[in-house]
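> the following block contains a protein sequence and its predicted model.
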Amino acid sequence: MKRWIDILLASVAMGSFSLIVARWVLPVMGLAGVEGELVKPLARSMPAIMTVFALTIFVLGFIMHRHGRKVEPRVSRLVDEAEQWSDEFMIGHVEAPRNVDPGIDMMPYSPFDVNDDGHMDPSAWVAEKLFETKQPIDVLPADLIEPAGVIEDAAVVSGSFPRVTANFRSRASKAFEDRPILPVESNHEVKPAMPAPKVIRPHQLPPQLPEFSGRKFEKAELLAARKRPDVRILALQGMGGVGKTTLAVMIAHTLVADYPDAQLYIDLRGAGNLPLPVADAQAMIIRSFLPAARLPEKETDLGNMYQAVLSGKRVLLLLDNAANAHQLMPLLPPEGSISIVTSRQHIDLKDAFTRQLDVLPGAEAREMLRRILPVAGDYASRLAELCGRLPLAIRLAAGAVTGTPGLPLKDYVQQLDRIQKSGRVLRPIDAVLETSYDLLGDGLQKLWRSLGVFTDTFDIAAAASLWHVNPVHAQGMMDRLLAFNLVDRNRLSGRFRLHDLMSRFADDRMTDAERSIALHRHAAHYQSVLHEADAFYEQGGEFLKRGLDLLDLEWHNIQVGQVWAAMRSENDRAACELCNSYPDAGKYVLDLRQHPRERIRWSEAALAASRILKRRKAIGRHLVALGDSYSSLSEVDQAIECYEQALQLSHSIHDRTDEADALSGLGKVHFICGEFDKAREYHNAVLEIARRMGDKRREAIGLGNLAETILAVGEANNARAIFEHQMKLARRIGDRRTESVALGGLGLSILTLGDPHKALDLLNQQLTITREIGDRRGEAGALCCLGHAGAGMNLHHQAVTCLEQALSISREIADKRHEAAALGGLGTAYFLNGDIDVGHQFFEQQLQLARETGDRRAESVAMIGMSEALNADGEADRAAELLRDALTVARQIGDILGQANALFTLALALDKLGDRNQAVSQARIALEFYEFVEHPKAGTIRRMLIEWTNGSVC
């Protein structure tokens, strides 16, 4: 309705404007008639016409202004990156979903808070003053830095977490009691610390076929066998078309109440040429429970996760079309669940009751035929025999007769009889298929056989793309195929599939040219679906999960499309175009779903395609994507090589966007390596480029990277101010992922500055958002921070729970940086709980991982943790030696806070060895470092030095 109003107003405006122009132009052109008789009516009506014109323009302007205000805060990435992708992004016309501002179900943190006395928080004042000046934010002016606090201990970012004094521990514990973030062991009910993941109970069984008939004995036998304690598998075996799946679905629906946690259907595609890989089947089932999970790449790790997800649940798995025992065994659920398996092969399974299905008995075949084809009459017996008494063939025959108006049943029976007697086909099902195919006509035959390229379920939009028609026309054609029963439709999901016998029949009749065209259209369509899922995800809020659900639903089809494009890219330009743009189509959702190794394979194929196409801009993008994937795996040498190539290319083509992305990647890699000065330079350069381009998203990301670098060297006040600005900017543009990063950084900064109450609130908000958007890496980071904080506050059980979750997630997604941080946190938790040997073992694992990945900062942190454990265990000499190594590393990477921590711990070790003078000397140097970064721990060292020097002033 609104669109028609806009059109009407625009038409009125154009018409009145044309009359106004005609009033003055016609006399000039000599077309006004005798004595201007043609324009006199216009002249008399001119005031009214001008009034109408002015009013319509005003109303249109008002409507456009309101529309602009609605969409301005959150512009879709389809538009935001149109200039970047230009004509290189070869997708179909996909309408960008309407932007929706996601609601926040928590009390949002305001960066400009006031204290209890009503005054603005000092750090908030710093942020406000800093960003009013719009000056570079690398180093804050001295007059804007908050004076050193009096709180005596704090947290350190990214692995270097606090060793908490009794005073701070007391305050922090009180904050935990007031606002617990973790399950606290108590007789009193408390608010859960971390938002628990939503319990998902998947119910994915296909609907039962209404025309199902017979098999009463088999059904009763299988249901009785299920009650036996030694039976965990119900297996149905038999040839294709005999009705195994139909009976299995019916039995599954009967057992739903006994297995309430989940009922899942997986087509293992064992009857086709490409059975479903075990890992893919496990991933589908895991994601039914954990939609946001990024899965491990190693099959052993995936198998362990699969069993862990199903453990303790009562689940019904319907595993259809199993190929063999090798495919089936890893999918069987633990005790307490049941599997219903169908297969054309004989598979020996332990704890299984197996039923071999044969063709229907004559009476049941005739009953089924009369039910779905009432006109069968006297021909029922003959037609049932010609169909081989196979349920699938009977359904096809009935569909052919009812789908062909004017076809006498007698003629159909004769035609089917002729085909069988001709010797062209060997099986009744083939004869029935041949007859149905002949009845379609040339046009419909071509459409149906093109569907043979689908190896999974599909929707009407996919069929329309394949047939190159509009969806309405496609639906009409699909209805005719459904009438023939040549296509199956799931009435609940509305999706279509071809039985594998029909798929093979259709594929055999496709020409090479038809197959090539169909596969190209298939790949192009699912690239556009991938982009649509990415666009939904970008909108956030209710659209975010919709995007991930769409990706999961079509994932197999998307993979098939990408593989085809990659395999044909060298010899087929159209395939090369698709291969080049597939990774870009799912820039955000793929980062959450794909393992870095798989992303590398996609990016390498796209990089090769872009070089064939000589698309230099695309080459730069794929190099950056490769660098990001290698960086996620902590393979820093390969990452740096990719980023530097991308940076050099961006300079040669004057592409500031790719330049910013390459610089950002280099900054992150140098941060991992502990080269903080270089990282700071790169991130400042990114901010400068982003601001010049007006790119708020890149500016927000750059702010977070810079703040993380600054916080890593102990400048908590500066980091807090920058994180606050990042959060404001992220909320302004609706970027939930960047907002979660800012919340986590703010939490760490504020924890470092000694306010655990507010810090824990922020970290909880971060955890909530990461789970909402499915950011597993962010979730691992948030859990690490919560675990480290809990360890420092003597909440051992809760801290270990958080850190073990973080460790599990980090290993699932191959995030070695967070894995090292989680190991270090577990070391701290056990050490502070008095389990020195266990803590030492975790610190050793952290050190080994840090050295493997080249993370020098984590290496220094691990050595300091190990030395504390050694010192507490009476090995002060070994501790002192290790601390000198840690101090050397911290000096090499410019980690001021790391040097301070190493020196302070070294002072404690030297004092234990009896060298008080050297201990005092090292403690004084540590005090200088702590005072330089305005760290609350400076107060602790001052008191210790006073005690050591018998009252002398530091």
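Cool, the structure landed. Numbers count the residues shown, from 1 in each chain.

> mind telling me what element Ile266 is part of?
strand 262-267 (DSSP states H and E).

> could you tell me the angle between whatever helix or strand comes next after that strand and strand 262-267?
Using DSSP H and E, the helix or strand that follows strand 262-267 towards the C-terminus is helix 278-289. Counting by axes from the mean of the first three to the mean of the last three CA atoms, to 10 degrees, helix 278-289 lies at 150 degrees to strand 262-267.

> output the below-cut-off pLDDT ranges for the stretch 351-500 of the chain.
Within the stretch 351-500 of the chain, the stretches with pLDDT under 70 are 425.

> actually the stretch 151-300 of the chain, not the one I typed
Counting by pLDDT under 70, the stretch 151-300 of the chain has low-confidence residues at 151-201, 211, 292-294, 297.

> could you pull out the helices for it?
Counting by DSSP state H, counting those that start in this stretch, the stretch 151-300 of the chain has helices at residues 166-178, 216-226, 244-254, 278-289, 299-310.

> as TSV, those helices with mean neighbour count would be great.
In this view, the C-beta of every residue, glycine as well, is placed from N, C-alpha and C. Below are the helices of the stretch 151-300 of the chain laid out as TSV (neighbours: other CB atoms under 10 Å):
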stretch	mean neighbour count
helix 166-178	17
helix 216-226	14
helix 244-254	20
helix 278-289	20
helix 299-310	17
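
> redo those as a markdown table? Include distance to Leu486.
Below are these laid out as a markdown table (distance: least, CB to CB, whole Å):
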| stretch | distance to Leu486 |
| --- | --- |
| helix 166-178 | 64 |
| helix 216-226 | 27 |
| helix 244-254 | 17 |
| helix 278-289 | 27 |
| helix 299-310 | 36 |
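
> for Asp637, find the nearest of the ones you listed.
The minimum distance between Asp637 and the helices of the stretch 151-300 of the chain falls on helix 299-310, with 25.0 Å, by CB to CB.

> so which elements touch the helix or strand that the closest one is followed by?
Using DSSP H and E, the helix or strand that follows helix 299-310 in sequence is strand 315-322. Other elements packing on strand 315-322 under the criterion 3 or more CB pairs under 8 Å, 6 or more residues apart in numbering; DSSP states H and E are helix 244-254, strand 262-267, strand 338-343.

> out of these, flag the one nearest Arg611.
In terms of CB to CB, the element of the helices and strands packed on strand 315-322 nearest to Arg611 is strand 262-267, at 37.9 Å.

> and the closest one with helix 244-254, angle?
For strand 262-267 against helix 244-254, the angle by the same axes, to 10 degrees is 170 degrees.

> for strand 262-267, list the C-alpha coordinates in PDB.
Taking Å, rounded to 0.1, in the frame of the first residue of the first chain, the C-alpha atoms of strand 262-267 are listed here in PDB:
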ATOM      1  CA  ALA A 262      15.400 -35.600  20.100                       C
ATOM      2  CA  GLN A 263      14.200 -37.400  17.100                       C
ATOM      3  CA  LEU A 264      16.600 -36.900  14.200                       C
ATOM      4  CA  TYR A 265      16.500 -38.000  10.500                       C
ATOM      5  CA  ILE A 266      19.700 -38.300   8.500                       C
ATOM      6  CA  ASP A 267      19.900 -39.500   4.900                       C
END
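
> contacts for it next, please.
201-206, 249, 252, 256, 276, 281, 284-285, 288-289, 313, 315-321, 331, 456 (CB atoms under 8 Å, 6 or more residues apart in numbering).

> go with 6 Å
Strand 262-267 has contacts (CB atoms under 6 Å, 6 or more residues apart in numbering) with 201-206, 256, 281, 285, 288, 315-321.

> again with stretch 50-66
Applying CB under 6 Å, 6+ apart, the external contacts of stretch 50-66 come out as Leu9, Val12, Ala13, Ser16, Phe17.

> can you check the pLDDT for Leu847?
As summarised for this prediction, Leu847 has a pLDDT of 91.

> next, give phi and psi for it.
The phi and psi values for Leu847, taken as degrees, to the nearest 10, are phi -60, psi -40.
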